[in-house]
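Visitor: This is a predicted model, with the sequence first.
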Amino acid sequence: MKKTVFLGALTVAGLAAGVAAAGTLDDVKARGKLNCGVTTGLAGFAAPDAKGVYQGFDAALCKAVAAAVLGDAAKVRYVPTTTEEAFAALASGQVDVLARNVTWTFARDTDLQLDFVAVSYYDGQGFLVKKDLGVSSARELDGARICLQAGTATEANLTDYFKANAIKYVAVFVADDAEAQRQFLAGACDTMTADMSVLSALRATMPKPDDHVILPEIISSEPLGPIVRHGDNAWGDIVRWTYYALLAAEQKGITQANIDEVAMATQDPEVRRLLGLQGDMGLMLGLDPEWAKRAIAASGNYGEIFEANIGINTQVKLARGLNALWTQGGLQYAPPFR
C-alpha cells in the first residue's frame, strides 16, 4: 500500500473514532435533522425532483431513518457526495449515514473502519455502449476508450478483467457519474463501466436511451448498502434495523397503505413486535415503540420503494433479480424480529 493511501486511511479512521465517541443518535436528536450522504444525482436512487426535494431508492432509506429517529421523514438534509468525498464526509461527522452506491469491501470495512450495516442492493459491474459500436460482448472491447472514475473498485475490477482476457483499454478518467455520461455522449469514450444499476440509471436519462445497450457480462460482485462510522454500534443498530424493518414489512405483507389496518387487526406476534404493539424493541434501540411503523409508513416497504423508484415500470427499468425476497428467488430477507 502506498504511503499516501495508508495515511489517508489513518486520517479517516481517526476522524471516525473521534466523532463516533460523541454518539450519533444524540447528535441527530439535538440537531433535529438527519444528515444523509447521497450521490451527486443518480436517477432513481437519489436526485432532486422539480421542487428540489430528493427522491429515490437511497433517499427513501434516509427518510425511513429520519422517521424512526425524529418522527418525521422530512427531517433530512441530503448531502451530495462523490465517491472520493463520501468517506471523509462520514468520518468527519458531516453526514450521519451514507446511503449511496458504495460497495462493501474488505479494505473499506477494515482499513477505513467503515461499518456497512446491510446489503440494500446486490449489484455487479458492467459496460454500456452505443448500439452502433457493433459489439455484443465485453470481450470485444480490446483497445476501447473507457470512461470511469479513478481510484475506485470499478477501476480495479476493470484492470483485472481486461488482464484476465488478454485485452487492453484506454482509461478516460472522470470525476463522477454525470461527467462519465457527458463524456460518453460527446464521444470521448467508447464505453462506460460502472455498477449495472448506475448504468441503467444513466441510460434512462440519455436523450435516446434505446440507442445504447448494456453488455451481458457482469465482471464483479458489488454489494451496496448504508454505511455508518465504525465504533458507534448503537447508531449502527438503528440504521441496520430500520432497513430490516422495511424488508420484514414486505415479507409480512405490510404496506404504506395498509399499515394502520394491520396494526389494529394483527395477531402475528412478530408483526406486533415490529409495529410496537408488544415487547420493548424500541427501547432496545433508544427509540419509542412506533419507530419501525413510522419508518415503513414513510415510503412503504422495501418492495414498494424498489418498484416506485427503480423497478421495471420506471425509467430505470431494473428487475428485482437478486434483490427479490428469498422466497421469490432473491437474496433479500430480514433477520427475525424477536
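Guide: Yep, it's here. This structure is a prediction, so every number in the text was calculated from the model and none was measured.

Visitor: from here on, contacts and neighbour counts on C-alpha atoms
Guide: Noted.

Visitor: ok so Met264 is a helix residue?
Guide: Yes - when classified by DSSP: H, G, I helix; E, B strand; the rest coil, Met264 is found to be part of a helix.

Visitor: where are the low-confidence patches of the stretch 1-150 of the chain?
Guide: Along the stretch 1-150 of the chain, the parts satisfying pLDDT under 70 run over 1-22.

Visitor: which stretches of it form strands?
Guide: With DSSP state E, counting those that start in this stretch applied, the stretch 1-150 of the chain shows strands at 34-38, 47-48, 54-55, 76-80, 97-98, 114-116, 121-123, 125-130, 144-149, listed in chain order.

Visitor: Contacts for the fourth one, please.
Guide: With contact meaning Cα atoms under 8 Å, 6 or more residues apart in numbering, strand 76-80 is reached by 33-41, 54, 62-63, 66, 95.

Visitor: Take the residues you listed and lay them out in CSV including distance to Gly300 and neighbour count.
Guide: As requested, the contacts of strand 76-80 are exported to CSV (distance: Cα to Cα, whole Å; neighbours: other Cα atoms under 10 Å):
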residue, distance to Gly300, neighbour count
Lys33, 21, 20
Leu34, 19, 27
Asn35, 21, 22
Cys36, 19, 27
Gly37, 21, 30
Val38, 20, 29
Thr39, 22, 25
Thr40, 24, 18
Gly41, 22, 20
Tyr54, 16, 21
Cys62, 13, 34
Lys63, 11, 27
Ala66, 14, 30
Val95, 24, 25
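
Visitor: Output the residues you listed as JSON lines; include the columns distance to Thr159.
Guide: Shown next, in JSON lines, are the contacts of strand 76-80 (distance: Cα to Cα, whole Å):
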{"residue": "Lys33", "distance to Thr159": "41"}
{"residue": "Leu34", "distance to Thr159": "38"}
{"residue": "Asn35", "distance to Thr159": "35"}
{"residue": "Cys36", "distance to Thr159": "32"}
{"residue": "Gly37", "distance to Thr159": "29"}
{"residue": "Val38", "distance to Thr159": "27"}
{"residue": "Thr39", "distance to Thr159": "24"}
{"residue": "Thr40", "distance to Thr159": "26"}
{"residue": "Gly41", "distance to Thr159": "27"}
{"residue": "Tyr54", "distance to Thr159": "34"}
{"residue": "Cys62", "distance to Thr159": "34"}
{"residue": "Lys63", "distance to Thr159": "37"}
{"residue": "Ala66", "distance to Thr159": "40"}
{"residue": "Val95", "distance to Thr159": "32"}
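
Visitor: what helices or strands is the top helix by length along the chain leaning on?
Guide: Ordering each helix of the chain by length in residues (DSSP state H) puts helix 233-252 first. Packing partners of helix 233-252 (3 or more Cα pairs under 8 Å, 6 or more residues apart in numbering; DSSP states H and E): helix 24-31, helix 57-70, strand 227-229, helix 281-285, helix 291-299, helix 302-309.

Visitor: ok and the fifth one relative to helix 302-309, angle-wise?
Guide: Angular relation of helix 291-299 and helix 302-309 on a 0 to 180 degree scale: 20 degrees, by axes from the mean of the first three to the mean of the last three Cα atoms, to 10 degrees.

Visitor: Centre of the chain to helix 291-299, how far?
Guide: Mean-position distance between helix 291-299 and its chain equals 19 Å (Cα atoms, centre = their mean, to the nearest Å).

Visitor: can you check the third one too?
Guide: Between the mean C-alpha point of strand 227-229 and the mean C-alpha point of its chain there is a distance of 12 Å (Cα atoms, centre = their mean).

Visitor: who's in contact with stretch 231-247?
Guide: Applying Cα under 8 Å, 6+ apart, the contact partners of stretch 231-247 are 16-17, 20-21, 23-25, 61, 64-65, 68, 115, 117-118, 120, 226, 228-229, 274, 285, 292, 295-296, 300-303, 332-335.

Visitor: mean confidence for that stretch?
Guide: Averaged over stretch 231-247, pLDDT sits at 97.

Visitor: Return the set of buried residues in it.
Guide: Going by neighbour count (16 or more other Cα atoms under 10 Å), the buried part of stretch 231-247 is 231-236, 238-247.

Visitor: What of stretch 46-66?
Guide: So for stretch 46-66, counting by 16+ other Cα under 10 Å, buried means 46-48, 54-66.

Visitor: same question, stretch 266-286
Guide: Neighbour-count burial for stretch 266-286, counted by 16+ other Cα under 10 Å, picks out 270-277, 279, 281-282, 285.

Visitor: mind giving me the domain split of the protein?
Guide: Split into domains by automatic domain parsing, the chain comes to 3-122+224-328, 125-220.

Visitor: Now find how far off-centre the shortest one is within its chain.
Guide: How far domain 125-220 lies from its chain's middle: 20 Å, per Cα atoms, centre = their mean.

Visitor: For Trp101, give me its contacts.
Guide: Let me fix one detail, which is that residue 101 is Asn and not Trp. Neighbours of Asn101 in contact, by Cα under 8 Å, 6+ apart: 39, 224-225.

Visitor: Using PDB, write out every CA atom in the longest helix of the chain.
Guide: The C-alpha trace of helix 233-252 is given here as PDB (Å, rounded to 0.1, in the frame of the first residue of the first chain):
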ATOM      1  CA  ASN A 233     -22.600   0.500  17.400                       C
ATOM      2  CA  ALA A 234     -25.800   1.900  18.900                       C
ATOM      3  CA  TRP A 235     -26.300   4.100  15.800                       C
ATOM      4  CA  GLY A 236     -25.400   1.300  13.500                       C
ATOM      5  CA  ASP A 237     -28.100  -0.800  15.100                       C
ATOM      6  CA  ILE A 238     -30.700   1.900  14.400                       C
ATOM      7  CA  VAL A 239     -29.800   2.200  10.700                       C
ATOM      8  CA  ARG A 240     -29.500  -1.600  10.300                       C
ATOM      9  CA  TRP A 241     -32.800  -2.500  11.900                       C
ATOM     10  CA  THR A 242     -34.600   0.400  10.100                       C
ATOM     11  CA  TYR A 243     -33.500  -1.200   6.900                       C
ATOM     12  CA  TYR A 244     -34.600  -4.700   8.000                       C
ATOM     13  CA  ALA A 245     -37.900  -3.300   9.200                       C
ATOM     14  CA  LEU A 246     -38.600  -2.300   5.500                       C
ATOM     15  CA  LEU A 247     -37.700  -5.800   4.400                       C
ATOM     16  CA  ALA A 248     -39.700  -7.500   7.200                       C
ATOM     17  CA  ALA A 249     -42.700  -5.400   6.200                       C
ATOM     18  CA  GLU A 250     -42.600  -6.700   2.600                       C
ATOM     19  CA  GLN A 251     -42.200 -10.300   3.900                       C
ATOM     20  CA  LYS A 252     -45.300  -9.800   6.100                       C
END
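
Visitor: Thanks a lot, catch you later.
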